[in-house]
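Engineer: sequence first, then the predicted structure, then my questions.
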Amino acid sequence: MSMLKEKLAGIIPALREEIKSLLKEHGELQIGTVNVGQAYGGMRGVKGLICDTSLVEPDKGLIIRGYPILDIQNRPPEDIFWLLVAGSLPSEEESADLKRELAKRKGVPQYVWDVLNAMHPDSHPMAMLDTAIMAMEVESEFRRRYDEGMKKEDYWEPMLEDSLKIIAVLPEIAAGVYRIRYKKGALIPSNPDLDMGADYVAMLGFDDQSGTFGDLMRLYLTLHSDHEGGNVSANTCHTVGSALSDAYYSVSAGLNGLAGPLHGLANQECLKFILEMHERFGGVPTDGALTDFVWETLNAGQVIPGYGHAVLRVPDPRFVAFRDFGNKHCADDPVFQIVDKVFNIVPKVLLEHGKAKNPWPNVDAGSGALLYHFGLREFDYYTVLFSVSRALGMLSQLVVNRAIGTPITRPKSVTTDWIKSQIKAAEQQA
Ligand code: NMX
Ligand code: MLT
């Protein structure tokens, strides 16, 4: 048995007991209210979901199991998965065991490459990634065990097995998507001696002599791993998983949501925005020119990609980590310099514009410029990188949810006529 499975088997009974007694003794305790604005407004701020893997505090950003993301930014992505799912950081021995377990599960079946090669040459890399994950659904241990008649308390075990398989193959699939989509030549196999970041960079086909691109990739995979339970991808994955769809269905569904420009696709939009400025102004624009460009974008009814957030009300610490990395490794790069200048100007403009509740940068504001610097210039690929990382969070949430027996998601919807009747009744009472 893997050390992670052993660890989870040890903590799950107490977790179940704790939730059972919480529900028994406090199930009726009110923890929030919902108003008409929230019902029409994407349920913003409604507390109706449990997610123990991580928390996003409006004034602090991502906190994974009690650790602010900046305090653990240098931990490898595998350790972050352990932390997300088991609730504590792994020891050296546990970390090495998890890496061995992942290495055992590497290897992408040929039928996945056949499917990807058969897709339209202009397919978006996210459509290719999600299709590849769906194609692999046939491998699901959860589905196999469910079909055999598995007990509810055992659900988490094959969910963990499917999670480890997906985490093990995802960098290879993602790198394959890159090489097939952009006609980069033969696929490059995974090298079990490299860490996840360096291996991914090598499979993409980059010659990273200094190891700095590998460091960026490791940081990237760690920073994007999770962002509590209410964001579009996590929430979608949670809902699909709650129907006992297996991890392949659930993660693929979540990533389809990540592929939207208001969510993970903002990273490609963001670099596009930065490069447009670079091209229009022949380099780094002056403050005045940049301010005008931002107003032009807003006046055209478009959003400023990489800025704003549904929960955060401060600069995203994940952006801060990328900016620090950029200042250390590519401060002279004009594309990175534009990102920095945008950071100095956009929040002021958004405040004056007066619409966005959060004028600060989110995770997508700076990551693309760093990838661009290291030669990964096909920016419609960037959300695939986000996906490889976010799968860690979605999968850990699926394992925890099956462990604690989370039921099928089914909130109540109401009609506009019902809302009108409530308003009428409230007016009559006043
Ligand atoms: N540029 C222009 N307008 C904005 C921006 C922005 N960056 N952010 C919010 N607004 C507008 C928003 O469109 C809305 O306008 P309207 O009333 O006309 O519909 C208004 O401000 C109020 O929106 P908020 O309540 O501040 O934001 P909300 O919680 O609805 O949405 C985002 C959050 C992240 C979707 C939104 O800020 C946005 O569209 N940002 C740009 C896209 C982006 O960077 N997405 C990536 C998020 C991180 N991720 O990776 O997922
Ligand atoms: C995320 O990382 O998922 C994004 O910041 C979006 C969110 O949390 O709503």
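Structural biologist: Okay, I see it. Residues are numbered from 1 along each chain as shown. Ligands and ions are numbered 1, 2, ... in the order given.

Engineer: helices along the stretch 251-400 of the chain, start to end?
Structural biologist: Assigned by DSSP state H, counting those that start in this stretch, the helices in the stretch 251-400 of the chain fall at 266-281, 287-299, 317-329, 334-353, 364-373, 382-403.

Engineer: name the residues of the stretch 251-400 of the chain found near ligand 2, please.
Structural biologist: Contact residues (CB under 6 Å from any ligand atom) of the stretch 251-400 of the chain with ligand 2: 263, 309-311, 362-363. All C-beta atoms are positioned from the backbone trio N, CA, C, and that covers glycine.

Engineer: nearest to V399 among the residues you listed?
Structural biologist: Checking those against V399 with CB to CB, the nearest one is H263 at 22.7 Å.

Engineer: that closest one against N235, yeah?
Structural biologist: No. With contact defined as CB atoms under 8 Å, H263 does not count as touching N235 (10.5 Å).

Engineer: list residues touching both of these two?
Structural biologist: G257 (CB atoms under 8 Å, 6 or more residues apart in numbering).

Engineer: on that earlier part again, which of the residues of the stretch 251-400 of the chain next to ligand 2 come close to ligand 1?
Structural biologist: 263, 309-310, 362-363.

Engineer: mind checking which of these are buried?
Structural biologist: 263, 309-310, 362-363 (16 or more other CB atoms under 10 Å).

Engineer: of all those residues, which two lie farthest apart?
Structural biologist: For these, and using CB to CB, no pair is farther apart than A310 and V363, which are 12.7 Å apart.

Engineer: pull the contacting residues for the nearest residue to W360 once chain neighbours are set aside.
Structural biologist: Excluding the flanking residues, the one nearest W360 by CB to CB, 6 or more residues apart in numbering is P315, at 4.4 Å. P315 makes contacts with 343, 360-361, as judged by CB under 8 Å, 6+ apart.

Engineer: just the buried ones from those residues, in ChimeraX syntax?
Structural biologist: To isolate the buried members of these in ChimeraX, using 16+ other CB under 10 Å:
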select :343,360,361
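
Engineer: make CSV from the contacts of P315 and add pLDDT and distance to ligand 1 to it.
Structural biologist: Putting the contacts of P315 into CSV (pLDDT from 0 to 100; distance: CB to the nearest ligand atom, whole Å) gives the following:
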residue, pLDDT, distance to ligand 1
F343, 98, 13
W360, 98, 10
P361, 98, 8
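
Engineer: give me every residue that touches P90.
Structural biologist: P90 makes contact with 3-4, 79, 82-83, 98, according to CB under 8 Å, 6+ apart.

Engineer: let's see that with 6 Å instead.
Structural biologist: Applying CB atoms under 6 Å, 6 or more residues apart in numbering to P90 gives the contacts 79, 82.

Engineer: check what pLDDT the residue in the chain that ligand 1 sits nearest to gets.
Structural biologist: Here the residue of the chain nearest ligand 1 is G308; by CB to the nearest ligand atom that distance is 2.2 Å. Note for G308: predicted pLDDT of 98.

Engineer: excluding its backbone neighbours, what's nearest it?
Structural biologist: That would be A356: by CB to CB, 6+ apart, it lies 4.4 Å from G308.

Engineer: separation between that neighbour and ligand 2?
Structural biologist: 14 Å (CB to the nearest ligand atom, to the nearest Å).

Engineer: check K5 too.
Structural biologist: Separation of K5 from ligand 2 (CB to the nearest ligand atom) stands at 28 Å.

Engineer: now do Y178
Structural biologist: Distance, Y178 to ligand 2, by CB to the nearest ligand atom: 22 Å.

Engineer: can you check V56 too?
Structural biologist: V56 sits at a distance of 6 Å from ligand 2 (criterion: CB to the nearest ligand atom).

Engineer: my guess is that residue contacts R313. True?
Structural biologist: No. Taking contacts as CB atoms under 6 Å, V56 lies outside contact range of R313: 10.6 Å.

Engineer: more crowded one of those two?
Structural biologist: V56 (21 against 14; other CB atoms under 10 Å).

Engineer: so the more buried one, which state does it fall into?
Structural biologist: strand (DSSP: H, G, I helix; E, B strand; the rest coil).

Engineer: and it, bridged to which residues?
Structural biologist: Note on V56: beta-bridge partners by DSSP bridges are L62.

Engineer: residue contacts, it?
Structural biologist: 62, 227-228, 311.

Engineer: let's have the residues you listed in JSON lines, adding neighbour count.
Structural biologist: As requested, these are arranged in JSON lines below (neighbours: other CB atoms under 10 Å):
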{"residue": "L62", "neighbour count": "26"}
{"residue": "H227", "neighbour count": "28"}
{"residue": "E228", "neighbour count": "21"}
{"residue": "V311", "neighbour count": "19"}
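
Engineer: what sits closest to the closest residue to ligand 2 within the stretch 301-430 of the chain if chain neighbours are left out?
Structural biologist: Here the stretch 301-430 of the chain gets closest to ligand 2 at one residue, A310, 4.7 Å apart by CB to the nearest ligand atom. Counting by CB to CB, 6+ apart, the nearest residue to A310 once its immediate chain neighbours are dropped is R44, at 6.0 Å.

Engineer: right, and S225 touches L392 too?
Structural biologist: Yes. Judged on CB under 6 Å, S225 makes contact with L392 at a distance of 4.4 Å.

Engineer: re earlier: dump the helices of the stretch 251-400 of the chain to JSON lines, plus distance to W156.
Structural biologist: Formatted as JSON lines, these follow (distance: least, CB to CB, whole Å):
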{"stretch": "helix 266-281", "distance to W156": "32"}
{"stretch": "helix 287-299", "distance to W156": "46"}
{"stretch": "helix 317-329", "distance to W156": "29"}
{"stretch": "helix 334-353", "distance to W156": "41"}
{"stretch": "helix 364-373", "distance to W156": "32"}
{"stretch": "helix 382-403", "distance to W156": "4"}
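
Engineer: show me what the lengthiest helix in the chain is packed against.
Structural biologist: When the chain is parsed with DSSP state H, its longest helix is helix 156-181. Where contact means 3 or more CB pairs under 6 Å, 6 or more residues apart in numbering; DSSP states H and E, helix 156-181 is packed against helix 125-135, helix 141-148, helix 196-204, helix 247-258, helix 382-403.
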